[in-house]
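Asker: Whatever this is, show me its structure:
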Amino acid sequence: MNMTRDTVVSSEEESAPSMLDSVLSVLLLVVLLASSVYLFGTESSYGGNQAALSIAAFVVSLIGLKNGIPWREIEASIIGGVSTSISAILILLLVGALVGSWVLSGTIPALVYWGGSLLDPALFYMSACILCAMISISVGSSWTTAATMGVGLIGVSLSLDLSPEVTAGAIISGAYFGDKMSPLSETTNMASAVTGVDLFTHIKHMMWTTVPSMLIAIVYFYVLGMSADVSMVDAKVKENLSLIEEHFYIGFPVFLPIVVVLFLSIKGVPALASIALGVLSGILTAVVFQGSALQGMSTASSDVYFMGYLASIFHTMSNGYQVETGSELVNSLLNRGGMSSMLNTVWLIVVAMVYGAVLERVGIMKVILKLIIDKSKSTGSLIFSTLLTCLGINLLTGDQYMAITLSGRMYKLEFKKRHLKPESLSRTVEDSATITSPLIPWNTCGAYMSATLGVVTLSYLPHCIFNILCPVMSCLFGYTGFKVSKESV
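Answerer: Next up is the predicted model:
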């Protein structure tokens, strides 16, 4: 029997989900995702998590039907939820094309070459964190930072025989510091708008938890770098860099695509347009400077010179750059990118959005949030509850924007009742909703960072020191009352 949007319509009035409905829905997801991680480990995001989220979404839909919600409304909520992720999906596909075109253009090989030549291996992790923080503050986007400088730094770490997992943690720590503190950041503006706080008051108040967390992260990456064994690095680096130089022109003109994307981001051009123009500038740079790389990639049967170039460009954008250099390490540095490399991540985002949309439409989020607020008696427990709520929404809905808006709206009145200034709420929301999003494999941010940097989320998570410390600092300030702004009564 086929189920269509018109066949399942309840004649009863819609009723709110019970506490049992809500608790069982959340527990089911936790058990399914935990089972996925147990069975597949770090590979759980390549099918296991998608299946877990799909089963959980179907069960929540059944709860909605039981409570009198017509199927057509559940289906409409699913379509609406997935539609909100279209922008992220398009950006992901374009980032795949961007990485491929930037390898073909020599941009990423040049980043690896000059980074391997100039950066001190012992200071590399710390330098990566600081560099990404500076870029992210300038452009206001952790995603743009990861897709540009982050990809290059991962390549440098491989050429230096350093840990890509630690490097990814340093990149994400720096990128999210900038994303959080930049007045150009979407999440920063959203958090201040939802809670009714002046933007720069919000940023100034965040410094108390953000700066100490970042300083500790920098020390962590410094110590980790100084303790790394780099005794054999010089010989390996020279060999790898010479292979890169054989296959690409690595002069400074090939950095033009990075300049284009960063300039557009600073000017406030939307990410989708900036990355698309980054792909185009990468292709043009490849045509001008990387003729041998284009010819080496060509698989076209046509004898027409132009068609060979076009075939290389199409192949790189769709399936990534491919070359055989004689070195497995250099091959892993260069053979990457392509829109097809992002399809698994797109799959993960779509099913996460489906689950989040159904969960919100059935009303389970409201039941859980009300229970948490009712249990929060002190200022410390209220701030802890807000942090936990933001993390929970990130986990359950897979979307940091939903975590920011839902938490900001739900707690705004409660903070006002307790005579807490709204900047205390806005800081708490950002310390959790924004910062924890890249730590969750099925969250749009976690999926994006993993796909872009080529490192599994659960592998880089322990090294995202800044992202781990921010909510801890916020919780500590909440319970001690330090720098928690209150209204005069």
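Asker: Now do the helices in the stretch 101-250 of the chain.
Answerer: 107-118, 124-139, 142-145, 151-159, 164-181, 186-195, 199-226, 233-247 (DSSP state H, counting those that start in this stretch).
Asker: got it, and the stretch 351-489 of the chain?
Answerer: 364-375, 379-397, 400-417, 422-429, 435-436, 444-453, 457-460, 465-480.
Asker: can you pull the buried residues of the last one?
Answerer: Across helix 465-480, burial judged by 16 or more other CB atoms under 10 Å covers 465, 466, 467, 468, 469, 470, 471, 473, 474, 475, 477, 478. In this view, the C-beta of every residue, glycine as well, is placed from N, C-alpha and C.
Asker: Next, the contact list for residue 90, please.
Answerer: Counting by CB atoms under 8 Å, 6 or more residues apart in numbering, residue 90 makes contact with residue 272.
Asker: now the angle from the one helix or strand it maps to to helix 107-118?
Answerer: Applying DSSP states H and E as the criterion places residue 90 in helix 86-104. Counting by axes from the mean of the first three to the mean of the last three CA atoms, to 10 degrees, helix 86-104 lies at 60 degrees to helix 107-118.
Asker: Point out where the protein drops to low pLDDT.
Answerer: Filtered on pLDDT under 70, the chain yields the residue ranges 1-12, 42, 229-237, 296-306, 488-489.
Asker: mind redoing it with 50?
Answerer: 1-11, 300-302, 304 (pLDDT under 50).
Asker: quick one on the thing from earlier: any chance of the buried residues of helix 465-480 in CSV, plus distance to residue 58?
Answerer: Converted to CSV, the buried residues of helix 465-480 look like this (distance: CB to CB, whole Å):
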residue, distance to residue 58
465, 38
466, 37
467, 32
468, 33
469, 37
470, 35
471, 32
473, 39
474, 36
475, 35
477, 41
478, 38
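Asker: that older thread, just say which of the helices of the stretch 351-489 of the chain is most tucked in.
Answerer: helix 435-436 (a mean of 30; mean count of other CB atoms under 10 Å).
Asker: what comes into contact with it?
Answerer: Under CB under 8 Å, 6+ apart, the answer for helix 435-436 is 176, 180, 390, 391, 394, 466, 467, 470, 471.
Asker: Might one say that the fourth one is in contact with residue 431?
Answerer: No: under the criterion of CB atoms under 8 Å, residue 391 lies out of contact with residue 431, with a separation of 10.2 Å.
Asker: Pull up the overlap in contacts between the two.
Answerer: Joint contacts of residue 391 and residue 431 (CB under 8 Å, 6+ apart) are residue 471.
Asker: Give the closest residue to residue 100 in space, chain neighbours not counted.
Answerer: residue 337 (3.0 Å; CB to CB, 6 or more residues apart in numbering).
Asker: For the one you found, what are phi and psi?
Answerer: Dihedral pair for residue 337: phi 90, psi -170, per degrees, to the nearest 10.
Asker: Could you report the distance from it to residue 96?
Answerer: 6 Å (CB to CB, to the nearest Å).
Asker: just residue 432 next, same as before
Answerer: Where residue 96 is concerned, residue 432 sits at a distance of 30 Å (CB to CB).
Asker: Please apply the same query to residue 339.
Answerer: 4 Å.
Asker: same deal with residue 476?
Answerer: For residue 476, the distance to residue 96 - CB to CB - is 40 Å.
Asker: just residue 142 next, same as before
Answerer: Taking CB to CB, one finds residue 142 at 18 Å from residue 96.
Asker: again with residue 436
Answerer: According to CB to CB, residue 436 stands 25 Å off from residue 96.
Asker: do the same with residue 57
Answerer: In this view, residue 57 and residue 96 are 26 Å apart by CB to CB.
Asker: Tell me which of these two has more neighbours.
Answerer: Under the criterion of other CB atoms under 10 Å, the comparison of residue 57 against residue 96 puts residue 96 first, with 28 against 24.
Asker: ok, that one touching residue 340?
Answerer: Yes: shown here, residue 96 and residue 340 form a contact pair, counting by CB under 8 Å, at 7.1 Å.
Asker: who touches both of these two?
Answerer: Shared contacts of residue 96 and residue 340 (CB under 8 Å, 6+ apart): residue 320.
Asker: my read: residue 190 touches residue 401, true?
Answerer: Yes: shown here, residue 190 and residue 401 form a contact pair, counting by CB under 8 Å, at 6.7 Å.
Asker: Now do the shared contacts for those two.
Answerer: Joint contacts of residue 190 and residue 401 (CB under 8 Å, 6+ apart) do not exist.
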